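Visitor: okay, structure incoming, though there's no sequence with it:
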């Protein structure tokens, strides 16, 4: 038996039932979500989660057997870029939702899943001929896809795992590099002209890139201004204020014993006066 369809009160329960039926581990199957679990209202409209689980294809030669790990031996780590088994269910769910949205849009595309280089995100990469349509102006359509998938697939269930990111032909990395270059150029302009530079309206993710790029520069500071779509970012020349504040906070305060306080006598008094 190469595949099986199982049900459960939750998606995880349906997957566990499939693993039992196929006699394998979680990383030995691929999962297609056929139906989501629904509680219904007053018992009406309730629906169990239903999946189709298939055994992964192996590269074993005919007649060869796959060596099982010895008792107590830890499982082999996933290959580079592979999605960890602990996140596989959430990824398959998000991938199914994304595929359905693209079908409704009339977009023929393939979706590849991979672990981000940082290891803290899982990327669903869309490959399509009309990639510009999916990205939209300044990535607005891509952000809308990200929002829809997160809401429909219920990423809150996967918050304990890695964040799932929707991307189109590596657009997010190209955008990040472009914004970092922009931040450096505008930061130099603000320092050179000694004037505050305003950056065009950006979404929250893009503003974070600007902030992060300039946060270690002691000669400028960044500040968001406005509300909603009209929220802009300011790059403010500060001289070496941040560097001075950091240095001052790390050094003990010095006092001049001979300096006279405001409106009073000198702090330096005679020995007889001290002793009295």
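Guide: Great, that's in hand. The structure presented is a predicted model; accordingly, all values stated were derived computationally and were not measured.

Visitor: can you tell me how far the residue lying closest to residue 108 once chain neighbours are set aside is from residue 167?
Guide: Nearest residue to residue 108, sequence neighbours excluded (CB to CB, 6 or more residues apart in numbering): residue 128, at 6.7 Å. No exception for glycine: its C-beta is placed from N, CA and C like everyone else's. Residue 128 is 12 Å from residue 167, where distance means CB to CB, to the nearest Å.

Visitor: who has more neighbours, the two?
Guide: residue 167 (24 against 17; other CB atoms under 10 Å).

Visitor: what is the mean pLDDT for stretch 219-235?
Guide: Per-residue pLDDT over stretch 219-235 has a mean of 84.

Visitor: same question, stretch 4-20
Guide: Average pLDDT, stretch 4-20: 82.

Visitor: could you do stretch 110-123 as well?
Guide: 84.

Visitor: thinking again about what came up before, would you confirm that the residue nearest to residue 108 contacts residue 107?
Guide: Yes. At 5.7 Å, residue 128 counts as touching residue 107 under the criterion of CB atoms under 8 Å.

Visitor: what about the strands in the chain?
Guide: Along the chain, the segments classed as strands by DSSP state E run 3-8, 29-35, 49-55, 109-115, 121-128, 163-168, 197-199, 220-225, 232-237.

Visitor: what helices or strands is the second one leaning on?
Guide: Packing partners of strand 29-35 (3 or more CB pairs under 8 Å, 6 or more residues apart in numbering; DSSP states H and E): helix 11-22, strand 49-55, helix 88-105.

Visitor: buried residues in it, which are they?
Guide: Within strand 29-35, the residues that count as buried by 16 or more other CB atoms under 10 Å are 29, 31, 32, 33.

Visitor: shouldn't residue 143 be in contact with residue 206?
Guide: No. Counting by CB under 8 Å, residue 143 stays clear of residue 206, with 9.8 Å between them.

Visitor: coming back round to it: joint contacts of residue 128 and residue 107?
Guide: Residues touching both residue 128 and residue 107 (CB atoms under 8 Å, 6 or more residues apart in numbering): residue 134.

Visitor: picking up where we left off before, would you reformat the helices and strands packed on strand 29-35 as CSV and include distance to residue 237?
Guide: Output for the helices and strands packed on strand 29-35, formatted as CSV (distance: least, CB to CB, whole Å):
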stretch, distance to residue 237
helix 11-22, 53
strand 49-55, 57
helix 88-105, 43
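
Visitor: of all these, which one comes closest to residue 148?
Guide: Residue 148 lies closest, by CB to CB, to one member of the helices and strands packed on strand 29-35: helix 88-105, at 6.1 Å.
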